[in-house]
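1. Here is my input; please provide its structure:
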Amino acid sequence: MASSPLTRLPSLSASFPAHDEEDNVDGMIESLLAALPDLADRFEIIAVDDGSKDRTFERASAIAERDARVRVVRHEVNRGYGAAVWTGLTSGVMEYAFFTDGDRQFDVRQLGELIPFLSDYDVVVGYRVDRQDNAIRIMNAHAWNWLIRTLLDVPVRDVDCAFKLFRREALNDLEIVSGGAMFSAELLARLVAKGQRIVERPVRHLPRETGTSSGGNPRVIARAFKELFQLYGELRGSAR
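-> Prediction:
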C-alpha cells in the first residue's frame, strides 16, 4: 500500500545567502519564522552573510540573539553566490534542506507546495512562472538553461531558480567546486550523476523591491563560463 504524501517535514534547515541585503534580511528571516512552523516539526534558519559591507550581518545577528532557531554564518570576505549557498546547505543539521535567495523574490510559504513531492523524489526544484526580470535577463537565462541542459544533461528548465528542497542524504558526499553563478548547474549535474531523483515544480516570482542583483556583473559571467567548461570536461572524462 502506497504511503501518504508528506504534508510537513520532521525537521528542516532553511538557508539563504545575503550580500549587502540590510534592507531585506530582517524581512527575509521574519517571513521564514512565520511560515516554517506550519511546514516542519523542527526547523532552523541559517543566514549566510557573504562578506557584506553594509549592516546585513549586524541586523541578522540581532534577530539570532533573540531567537535560537536563527543563526548567522559569516564569510569575512565575499566568496561568491554559490559559495554562500553551499555554506548554508552544508551548515544545516536537519533531515531536509531548503534554500532560497535573500532578496525576497519568492513567497517562502510556497515551500508547502513542494513538500509532498519528497515522497517520491530526492530533490524538488522550483521554476519561475511570470518571472519578474527584464527582457534581456530572461533571454540570457533561456540561453544559459539550454546550454546547461545540452552540455551537462541537467533535465530542468530553470537551473538557477533559488527555490530548491532536498533530502539531506542527497547532499551527502557531494563536492562542489563552483563558487559563483555556476553553482546551481554544478549542484544539479552532480546530483544527476549520483542518481538522485529530481522533479520540477512551478513557483511564483516576485519583483525585487530593494537592493541590487550582481548577476549581470561581467566578471561573474566570465567566471561562470570558465567553471562550466571545466565541469563539462570533468564529467565527459568521467563518462569515458
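
2. Residues touching stretch 104-115, excluding its own?
-> Under the criterion CB atoms under 8 Å, 6 or more residues apart in numbering, residues 6-9, 14, 24, 27-28, 31-32, 35-36, 38-39, 98, 100, 124, 126, 132, 162-163, 165, 201, 203-209 lie in contact with stretch 104-115. C-beta coordinates here come from the backbone N, C-alpha and C atoms, glycine included.

3. Could you rerun that using 6 Å?
-> For stretch 104-115, contacts defined as CB atoms under 6 Å, 6 or more residues apart in numbering pick out 6, 24, 27-28, 31-32, 35, 39, 100, 124, 163, 165, 201, 203, 205-206, 208.

4. Figure out the helix or strand that residue 176 lives in.
-> Under the criterion DSSP states H and E, no helix or strand holds residue 176.

5. hang on, the earlier thing: if any of the contacts of stretch 104-115 are buried, put those into a PyMOL selection.
-> Buried subset of the contacts of stretch 104-115, written as a PyMOL selection, criterion 16 or more other CB atoms under 10 Å:
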select buried, resi 24+28+31+32+35+39+100+124+163+165+201+203+205
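
6. Are there helices or strands packed against the longest helix anywhere in the chain, and which ones?
-> Longest helix of the chain, by residue count under DSSP state H: helix 218-239. The contact analysis (3 or more CB pairs under 6 Å, 6 or more residues apart in numbering; DSSP states H and E) places helix 218-239 against no helix or strand.

7. Now do stretch 105-122: distance from first to last residue.
-> 24 Å (CA to CA, to the nearest Å).

8. Quick check: buried residues in it?
-> Applying 16+ other CB under 10 Å to stretch 105-122 flags 105, 106, 108, 110, 111, 114, 115, 116, 117, 118, 121, 122 as buried.

9. Closest one to residue 88 out of these, please.
-> Distance to residue 88, by CB to CB, is smallest for residue 108 among the buried residues of stretch 105-122, at 14.1 Å.

10. Need the CA coordinates for stretch 45-55. PDB is fine.
-> Extracted C-alpha coordinates of stretch 45-55, given in PDB (Å, rounded to 0.1, in the frame of the first residue of the first chain):
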ATOM      1  CA  ILE A  45      17.100  29.200   9.800                       C
ATOM      2  CA  ILE A  46      20.600  29.900   8.500                       C
ATOM      3  CA  ALA A  47      21.500  33.300   7.100                       C
ATOM      4  CA  VAL A  48      24.900  33.400   5.400                       C
ATOM      5  CA  ASP A  49      26.400  36.800   5.200                       C
ATOM      6  CA  ASP A  50      28.800  36.700   2.200                       C
ATOM      7  CA  GLY A  51      31.200  39.500   3.200                       C
ATOM      8  CA  SER A  52      28.700  42.300   3.200                       C
ATOM      9  CA  LYS A  53      29.900  45.800   3.600                       C
ATOM     10  CA  ASP A  54      26.600  47.100   5.000                       C
ATOM     11  CA  ARG A  55      24.800  46.100   8.200                       C
END
